[in-house]
Structures are given as structure tokens and as C-alpha cells.
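Trainee: With the input below, show me the fold.
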Amino acid sequence: MSTDAIVLLKNDHKQIRKLFRDFRGAGSGAEVEKGRIVNKIIEALTVHTYIENEGMYPKVRELAPDLEDDILESYEEHHVADVLVVELAAMTPDDERFDAKATVLIENVEHHMEEEEQQWFPKVREELGRKKLQEIGERLIELREKAPTTPAQPSALKKTVDAVLK
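Mentor: Residues are numbered from 1 along each chain as shown. You can find the predicted model right below:
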């Protein structure tokens, strides 16, 4: 298994995209199935966001300060997704806005992943190189072991983001 941070994050993206396809493929009238899939999406996004926020973004910010604007935008995109995740976690699949909220979450996260993969990751790879990305990847693997699998409440998320940005 590769310890390259970008490879690890792209692997997460693949798994998340599969969950998104599963949700879309469930169709109407499949509330129980959609609820199960959304629970998996929530867990995957919670873990992924945690390792990026705690491991990838701070280290890249330290080692490649010219990528600061990209990192700040990513934190904000994560914040929007986190709010949607918290709201979805409090809903039941039969809620009239459940599918709509899940769809908005999916669209936001797809945009974020596409931006990372097409624009940000190539810049990071160029700036940091293979050895640094492997070191960061090792840290991401450690963080994954202790990552939360359920979302924090919005006030806790804000405190975490505020602390990271200081």
C-alpha cells in the first residue's frame, strides 16, 4: 500500500464517489437503502475531512505557504459539507428534504474533490515531492486510526477550524 498522501486521499475519493453512485442508483421509494448509504457517506466524509483538516492541510500550509488560498478555500468547503452532514445525520430518510439535502451534499463534495484532484493535488505534488508526501501519508494513516466516524456539532467544528487557522 502506498503511503503517498495524495494517493491515499484519491483512494478515499474513489470510495466516496462509489457511495454517491449507490445513493443515486437507489431510486425513489428506497428510503431504507438510502438511509443506510447516507450513513456510510457520513462516516466516510467525517473520517476523510478529519484526516485532511488535521494532517494534510496544516502540513501543506507549513511547507508550501504559497498554497494558503487553496487551503483556506478547502477549509471553507469542508465547513459547508460538515454543516450538511450534521443536518443529514439528524434527519430520517422519510423526511421530505432528506434526498434534497443529500443531493446538495453530494454536489458540493464532488466539486471539492474535482478541484483538489485537478488543481490542488498537482500543485502540492510539485511543491513537496515524493518523500514529503510519503511522510504526510504516514501521518494520515495514523490519524485515520483515531478519526471520528460521526460528525461533531457545528460549534465544535467551528472551534476546530478556528484553532487550525490561527
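Trainee: Please give the element, helix or strand, for Leu143.
Mentor: Per DSSP states H and E, Leu143 falls inside helix 121-146.
Trainee: Show me what that helix is packed against.
Mentor: Packed against helix 121-146, as judged by 3 or more C-beta pairs under 8 Å, 6 or more residues apart in numbering; DSSP states H and E, are the following elements: helix 5-26, helix 31-51, helix 57-63. The C-beta positions use only the backbone N, C-alpha and C, and glycine is treated the same way.
Trainee: nearest to Val86, of those helices?
Mentor: Using C-beta to C-beta as the measure, helix 31-51 is the one of these that comes nearest Val86, at 9.1 Å.
Trainee: CA atoms of the closest one as PDB?
Mentor: Coordinates of each C-alpha in helix 31-51 appear next as PDB, following Å, rounded to 0.1, in the frame of the first residue of the first chain:
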ATOM      1  CA  GLU A  31     -35.800   5.100   1.900                       C
ATOM      2  CA  VAL A  32     -34.200   2.400   4.000                       C
ATOM      3  CA  GLU A  33     -31.500   1.700   1.400                       C
ATOM      4  CA  LYS A  34     -30.800   5.500   1.000                       C
ATOM      5  CA  GLY A  35     -30.600   5.900   4.800                       C
ATOM      6  CA  ARG A  36     -28.000   3.100   5.000                       C
ATOM      7  CA  ILE A  37     -26.000   4.600   2.200                       C
ATOM      8  CA  VAL A  38     -26.200   8.100   3.700                       C
ATOM      9  CA  ASN A  39     -24.900   6.700   7.000                       C
ATOM     10  CA  LYS A  40     -21.900   5.300   5.100                       C
ATOM     11  CA  ILE A  41     -21.400   8.600   3.300                       C
ATOM     12  CA  ILE A  42     -21.500  10.500   6.600                       C
ATOM     13  CA  GLU A  43     -18.900   8.100   8.100                       C
ATOM     14  CA  ALA A  44     -16.600   8.300   5.100                       C
ATOM     15  CA  LEU A  45     -16.800  12.100   4.800                       C
ATOM     16  CA  THR A  46     -16.300  12.500   8.600                       C
ATOM     17  CA  VAL A  47     -13.100  10.400   8.600                       C
ATOM     18  CA  HIS A  48     -11.800  11.900   5.300                       C
ATOM     19  CA  THR A  49     -12.400  15.500   6.400                       C
ATOM     20  CA  TYR A  50     -10.700  14.800   9.700                       C
ATOM     21  CA  ILE A  51      -7.500  13.500   8.200                       C
END
